[in-house]
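Visitor: I'd like to go over a predicted model; first the sequence, then the structure.
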Amino acid sequence: MEWKQLLCEERIREVKSRETGRDLRSEFEKDYHRIIGSASFRRLQDKTQVFPLDQSDFVRTRLTHSLEVSSFAKSLGQNISRKILREIKDPAFLPEYQEDVCDILQCAGLLHDIGNPPFGHFGETVIRSWFKEHMEKILWRSADVIEKPLSAWLTPQMRQDFYHFEGNTQAFRVVTKLHYLVDEHGMNLTKGLLATIIKYPVSSLNVDKHSPDICCHKMGYFSADEENFRDVVRSCGIPEGRRHPLTYVLEAADDIAYRTADIEDAYKKGLISYQKLVEELKTAEARIRDDHTGAVPESAADDLKSMITRLESRYDKGEKLGRRDPGGFAIQNWIVGVQGKLIADATDSFGTHYHEIMDGSFSTELLAGTGGMVIADVLGDIAYRYAFRSKPILKIEIAANQVLSFLLDKFVGAVLYYDTDRGPDVIGEKLIPFISDNYMAIYQRYAQEADEAGRLYLRLLLVTDYVCGMTDAYASRLYQEMNGLSLI
């Protein structure tokens, strides 16, 4: 792969500037303004990071998380660009590319969660589970064919698209189609940026969660969006089934942001105390020292011990300063240091594996095999046990399952015979107008070119598009209103 082609400024729909010579922004800077001005981006302020429908000003939403990822991604872009220029000295990486790399990563951080449904990653699980349960149960028939299950009408890839539904995949769909700014090309972003947000460059038919190659752990595009996907990777010169090099950087930035933020948010919510955090970290250090399998770097235990010492020293400083909450003071300050350690390790890893990344043979996470990955895994395990498995989260997830399953029941039922001679039933006719005009316009645009099965598939996508566009509060409110629980 070559940087000149990877940093592709082309857009799926060519744009002719009306102010040639007056707009001094680069194409990637223009992308930034398109993103932050979009309704899709604004809706992230009311979507879950960890704690759904939380009223606290302290814990993170998808919006604040995305801003943090954007910041980390840009910082990593600066570090990595300097390493390429000063140490690796790849002649194909020109000095002016540094700014483009940073701009692309900054934008990619803002976009990486833009396709996520309500209620966080659990919302993705609900959607997948609903289709796996109902695809065989729901019957559908055309004018001249007996009723058959939905699964019998769809191609294997169409079925698997719903069985492997992913917010990452939906993000590509949002920015290339659903955000109807001018036409069916969505935000019409640069191809270099679009390629960066594609974490899993395979179809739903090629997903293999157990593969040593991270690129195929999840799907990267819907059957309906394959043409755009092919256009983007071809323009950027990316080999079949491989990632854009900057995708590894974006993934690392996301890992750094959520692994550290989840601990801070869990503390703010009272789910883990300072003392318990220190105890958990020390237990993890002892376990790592006793590990003789060679699965972790020898320095990992020392790195973790150094982190624990820094945390305890921050607590002591908080007490000396007379802070009312020295534990909170310590954790907030300590996390900054952890983030710095993870950024440094990700930067070094990119340099170490530079040639593998550029020839497409690199197949794991950027932090894998580093001391930083061990620390990140320890923090992830603590967050999982103290936050994600806490009663408040479990209660919300049970409620989220009820809300999203109900909405899928109703809206899938409504669209099944929409745009057919039979037409929707009475309730379906009342539900169709709820779906965004933009989404309906996208359906009408592509339904013209599709056969009967293709139109059915697009109508099912119409429902997942609509549901994923909802905020947590809107989904909850709509559920209550449609069940007669809130009529005012």
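Guide: Good, I have the coordinates.
Visitor: now the strands for this structure?
Guide: Listed in chain order, the strands of the chain (DSSP state E) span 139-140, 148-149.
Visitor: out of those strands, nearest to Ser476?
Guide: Between Ser476 and the strands of the chain, the shortest separation by C-beta to C-beta is 29.7 Å, and it involves strand 139-140. Backbone N, C-alpha and C define where each C-beta goes, glycine included.
Visitor: coming back round to it: mean neighbour count added to the strands of the chain, as TSV?
Guide: As requested, these are exported to TSV (neighbours: other C-beta atoms under 10 Å):
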stretch	mean neighbour count
strand 139-140	16
strand 148-149	13
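Visitor: Now that we have those strands, can you turn them into JSON lines and tack on distance to Leu408 and mean pLDDT?
Guide: Shown next, in JSON lines, are the strands of the chain (distance: least, C-beta to C-beta, whole Å; pLDDT from 0 to 100):
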{"stretch": "strand 139-140", "distance to Leu408": "15", "mean pLDDT": "89"}
{"stretch": "strand 148-149", "distance to Leu408": "16", "mean pLDDT": "92"}
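Visitor: closest to Arg323 out of these?
Guide: Arg323 lies closest to strand 148-149 among the strands of the chain, at 61.7 Å (C-beta to C-beta).
Visitor: Check which helices and strands that closest one sits against.
Guide: In terms of contacts (3 or more C-beta pairs under 8 Å, 6 or more residues apart in numbering; DSSP states H and E), strand 148-149 is packed against strand 139-140.
Visitor: Could you list the domains of the chain?
Guide: 3-16+26-246, 272-389 (automatic domain parsing).
Visitor: winner for burial among those?
Guide: domain 3-16+26-246 (a mean of 19; mean count of other C-beta atoms under 10 Å).
Visitor: measure that domain end to end?
Guide: End-to-end distance for domain 3-16+26-246, by C-alpha to C-alpha, to the nearest Å: 10 Å.
Visitor: picking that back up, now render the domains of the chain as a markdown table, adding distance to Val463.
Guide: Formatted as a markdown table, the domains of the chain follow (distance: least, C-beta to C-beta, whole Å):
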| stretch | distance to Val463 |
| --- | --- |
| domain 3-16+26-246 | 10 |
| domain 272-389 | 27 |
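Visitor: In a markdown table: the strands of the chain, plus distance to Glu312.
Guide: Listed next are those as a markdown table, based on distance: least, C-beta to C-beta, whole Å:
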| stretch | distance to Glu312 |
| --- | --- |
| strand 139-140 | 62 |
| strand 148-149 | 60 |
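Visitor: Could I get the full set of helices for the stretch 351-488 of the chain?
Guide: Secondary structure of the stretch 351-488 of the chain, counting by DSSP state H, counting those that start in this stretch: helices at 354-359, 371-383, 391-415, 426-431, 437-447, 452-468, 472-482.
Visitor: So which of these is nearest Glu279?
Guide: Judging these by C-beta to C-beta, what sits closest to Glu279 is helix 371-383, at 10.2 Å.
Visitor: Report all helices and strands that that closest one contacts.
Guide: Checking 3+ C-beta pairs under 8 Å, 6+ apart, helix 371-383 ends up next to helix 245-268, helix 274-289, helix 300-320, helix 326-352.
Visitor: Go through those helices and name the closest to Lys74.
Guide: Nearest to Lys74, of the helices and strands packed on helix 371-383 and by C-beta to C-beta, is helix 245-268 at 8.4 Å.
Visitor: quick one: contacts of stretch 276-285?
Guide: Residues from elsewhere that reach stretch 276-285, judged by C-beta atoms under 8 Å, 6 or more residues apart in numbering: 263, 267, 272, 301, 304-305, 307-308, 311-312, 331, 378, 381-382, 386.
Visitor: Identify the farthest-apart pair in the residues you listed.
Guide: Longest distance between any two of the contacts of stretch 276-285 is 24.0 Å, between Tyr267 and Ala301; criterion C-beta to C-beta.
Visitor: Give the residue farthest from the middle of the protein.
Guide: Computed with C-alpha atoms, centre = their mean, the residue of the chain farthest from its C-alpha average is Asp144, at 42.0 Å.
Visitor: just for the stretch 151-300 of the chain, where's the confidence low?
Guide: Scanning the stretch 151-300 of the chain for pLDDT under 70 picks out 181-182, 292, 294.
Visitor: Let me know whether Leu7 touches Asp100 as I believe.
Guide: Yes: with contact defined as C-beta atoms under 8 Å, Leu7 reaches Asp100; the gap is 4.9 Å.
Visitor: Find residues that contact each of these two.
Guide: By C-beta under 8 Å, 6+ apart, the residues touching both Leu7 and Asp100 are Gly192.
Visitor: For the stretch 101-250 of the chain, just list every one of the helices.
Guide: 120-134, 150-153, 156-163, 167-173, 191-196, 226-236, 245-268.
Visitor: any chance of those helices in JSON lines, with distance to Leu76 too?
Guide: Formatted as JSON lines, the helices of the stretch 101-250 of the chain follow (distance: least, C-beta to C-beta, whole Å):
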{"stretch": "helix 120-134", "distance to Leu76": "23"}
{"stretch": "helix 150-153", "distance to Leu76": "42"}
{"stretch": "helix 156-163", "distance to Leu76": "31"}
{"stretch": "helix 167-173", "distance to Leu76": "19"}
{"stretch": "helix 191-196", "distance to Leu76": "12"}
{"stretch": "helix 226-236", "distance to Leu76": "19"}
{"stretch": "helix 245-268", "distance to Leu76": "5"}
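Visitor: ok so, going back, turn the helices and strands packed on helix 371-383 into TSV, columns for distance to His164.
Guide: What follows is the helices and strands packed on helix 371-383, written out as TSV (distance: least, C-beta to C-beta, whole Å):
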stretch	distance to His164
helix 245-268	18
helix 274-289	33
helix 300-320	33
helix 326-352	28
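Visitor: Which one, of the ones you listed, ends up nearest to Ile84?
Guide: Among those, helix 326-352 sits nearest to Ile84 (C-beta to C-beta), with 7.7 Å.
Visitor: got the angle for the closest one vs helix 300-320?
Guide: Helix 326-352 and helix 300-320 meet at an angle of 150 degrees, taking axes from the mean of the first three to the mean of the last three C-alpha atoms, to 10 degrees as the criterion.
Visitor: gap between helix 326-352 and the chain center?
Guide: Centre-to-centre, helix 326-352 and its host chain are 21 Å apart (C-alpha atoms, centre = their mean, to the nearest Å).
Visitor: what do you get for stretch 308-318?
Guide: So, by C-alpha atoms, centre = their mean, the centroid of stretch 308-318 is 33 Å from its chain's centroid.
Visitor: which outside residues touch that stretch?
Guide: 274, 277-278, 281-282, 285, 325-327, 329-331, 333-334, 337.
Visitor: tell me which of the residues you listed is nearest to Met1?
Guide: Out of the contacts of stretch 308-318, the member with the shortest distance to Met1 (by C-beta to C-beta) is Gly337, at 34.2 Å.
Visitor: Having no further points to raise, I will conclude here.
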